[in-house]
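A.B. asks: A predicted structure for the sequence below; I have some questions about it.
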Amino acid sequence: RTRYKATRLDEKRSYIDTLRSYPLNIESRHVKTYLASSPPSNSSTGSISLEMSNSMILLPKEPMKRRYFDQRVGWFARGQQDYGLDAQETKTVRYLDRWRLEVKDEDIAKFEAGELVEPKKQIVYYIDPATPVQWRKYIKQGIEDWQVAFEAAGFKNAIIAADAPTKE
């Protein structure tokens, strides 16, 4: 974005190239064209086009296992120390943060009909008590702004932000 001075998506020149459905996944390839004042070639076009691929895979019937972090994939991750190695050393292992939103059993028909439903378990982000009070509402709003994406996936009230629990 910075190098080519790309600004906004040109919706008229962006499109889905292929969309393939398989029994357990959907694969798509699409072209996105962005307005750019410094494109890598042919500056007279004032744009840059990128071809991208997306994969959507059906969730497994059994709960998901932890997935190791890979720096090539942009995702939140957390590390932990592995003390179980044969060598007399520890190793930091990083895992992706993942959440499994599931439809409540009583709401499956509504969900399949395209209605918004609440998940069995919400994603809750707790605000660190050391966070200055004047900034907390903005942090909470930033977290809850993601609700739009979850609604597009069929869930309402899927993500919430809250003050961290206290001993009281």
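C.D. replies: Yep, it's here.
A.B. asks: mind listing the strands for the protein?
C.D. replies: Using DSSP state E, the strands of the chain run over 6-9, 15-21, 25-36, 47-57, 77-82, 91-96, 123-127, 159-163.
A.B. asks: where does the chain have low pLDDT?
C.D. replies: Scanning the chain for pLDDT under 70 picks out the ranges 64, 66-76.
A.B. asks: remind me, longest helix of it?
C.D. replies: Selection of the longest helix in the chain by residue count, based on DSSP state H, yields helix 133-144.
A.B. asks: residues making contact with that one?
C.D. replies: Residues outside helix 133-144 that contact it (Cβ atoms under 8 Å, 6 or more residues apart in numbering): 125, 127, 131, 159, 160, 161, 162, 163. (Glycine included, C-beta is placed from N, CA and C.)
A.B. asks: got the angle for it vs strand 123-127?
C.D. replies: Here helix 133-144 runs at 160 degrees with respect to strand 123-127, directions being taken by axes from the mean of the first three to the mean of the last three Cα atoms, to 10 degrees.
A.B. asks: picking that back up, the contacts of helix 133-144: which two are farthest apart?
C.D. replies: Among the contacts of helix 133-144, the pair separated by the greatest distance (Cβ to Cβ) is 131 and 159, at 17.9 Å.
A.B. asks: looking at those two, which is more packed in?
C.D. replies: Ranked by neighbour count (other Cβ atoms under 10 Å), residue 131 and residue 159 place residue 159 first, with 19 against 13.
A.B. asks: touching, that one and residue 147? I think so.
C.D. replies: Yes - taking contact to mean Cβ atoms under 8 Å, the distance of 5.8 Å between residue 159 and residue 147 places them in contact.
A.B. asks: return the distance of residue 40 relative to residue 101.
C.D. replies: Taking Cβ to Cβ, to the nearest Å as the measure, residue 40 and residue 101 are separated by 39 Å.
A.B. asks: make that residue 127, sorry
C.D. replies: With Cβ to Cβ as the criterion, residue 127 and residue 101 are 21 Å apart.
A.B. asks: residue 140 too?
C.D. replies: Here residue 140 is placed at a distance of 20 Å from residue 101 (Cβ to Cβ).
A.B. asks: Provide a list of residues in contact with the residue nearest to residue 52 when sequence neighbours are not counted.
C.D. replies: Residue nearest to residue 52 in three dimensions, not counting chain neighbours: residue 30, with 5.7 Å by Cβ to Cβ, 6 or more residues apart in numbering. With contact set as Cβ under 8 Å, 6+ apart, residue 30 has these partners: 14, 15, 16, 17, 51, 52, 54.
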